[in-house]
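Novice: For reference, the sequence and a predicted model appear below.
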Amino acid sequence: MKKLNVLIGCESSGTVREAFRKLGHNAWSSDFLPADDGSEFHYQGNVLDVIKEQEWDIGIFHPPCTYLCSSGLHWNSRVQGRQDKTEQALLFVQILMDLDIPHICIENPIGCISTRIRKYDQKIQPYEFGDDASKSTCLWLKNLPLLKPTEYVEPRIVNGKKRWSNQTDSGQNRLGPSETRWKERSKTYQGIADAMAWQYSEYVLKGE
């Protein structure tokens, strides 16, 4: 099987990178933070600086969502300078979308990318891919297929409403306030990472 060159941008956890590497592909991650697993297959720095290192077959990017997601946009009118950061974040997303990489996936929560740039191509949930968790995740795709769910995880029912293990009975996320909360919440669930690796690489290889 041909090895694909895969770049996972804005990822320090290595979850998606390792899902591709387990299939034998030349996958690298890039982030301003060091790799959580200490992997040598990680560029620490600006992902835009490593695009030119080689020709990439697939680019999967997780741009920081702090100034993009719907849950935080209400602060833009209350905190001076925050709107400017949203504009900078949107510019970064547009740059990623326009990269000269034949197959691209950009992942982010529901937010202003859909209203300011273009609507997402797919919205997925971890519980559709074998993880007992709820987290609406949007995908913007370029020459990649919609992900096919792999395993549905049944929720518990609380007062007639569906709840998964990462949620309280009222539907809030169980993670309490902490300095690392944003990082824990942004990590890609394993089932989604595995589905991306299998389905995206299979699609690209079949097209070559």
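Specialist: Good, I have the coordinates. Residues are numbered from 1 along each chain as shown.

Novice: for this protein, what helix or strand is lowest in average pLDDT?
Specialist: helix 181-186 (a mean of 53; mean pLDDT, DSSP states H and E).

Novice: now the chain, which segments are flagged as low pLDDT?
Specialist: 67, 70, 72-80, 175-186, 208 (pLDDT under 70).

Novice: all strands for it, in order.
Specialist: Remark: strands assigned in the chain by DSSP state E are 5-9, 26-31, 42-44, 58-61, 103-108, 122-124, 137-142, 156-158, 161-163.

Novice: in the protein, which spans are helices?
Specialist: Using DSSP state H, the helices of the chain run over residues 15-21, 47-50, 70-73, 82-97, 113-116, 181-186, 190-195, 201-206.

Novice: closest to Asp37 out of the ones you listed?
Specialist: Judged by Cβ to Cβ, the one of these that comes nearest to Asp37 is helix 15-21, at 7.6 Å. Where you see a C-beta, it was placed from the backbone N, CA and C, and this is true even at glycine.

Novice: how close does the residue of the chain most remote from its centre sit to Ser134?
Specialist: The outermost residue of the chain, judged by C-alpha distance from the chain's mean C-alpha position using Cα atoms, centre = their mean, is Asn159 at 31.5 Å. When distances are taken as Cβ to Cβ, to the nearest Å, Asn159 and Ser134 turn out to be 16 Å apart.

Novice: what does Lys22 give?
Specialist: 26 Å.

Novice: Repeat that for Leu141.
Specialist: Summarising the geometry, the distance separating Leu141 from Ser134, computed by Cβ to Cβ, is 22 Å.

Novice: again with Leu147
Specialist: Taken as Cβ to Cβ, the span from Leu147 to Ser134 is 17 Å.

Novice: Could you tell me which residues make contact with the residue lying closest to His42 once chain neighbours are set aside?
Specialist: Leaving aside its sequence neighbours, His42 sits nearest to Ala35 (Cβ to Cβ, 6 or more residues apart in numbering; 3.7 Å). Ala35 sits next to Ser12, Gly14, Ser29, Phe41, His42, Gln44 when contact means Cβ atoms under 8 Å, 6 or more residues apart in numbering.

Novice: Tell me the most packed of those residues, by neighbour count.
Specialist: The residue in the contacts of Ala35 with the most neighbours, by other Cβ atoms under 10 Å, is Ser29 (31 neighbours).
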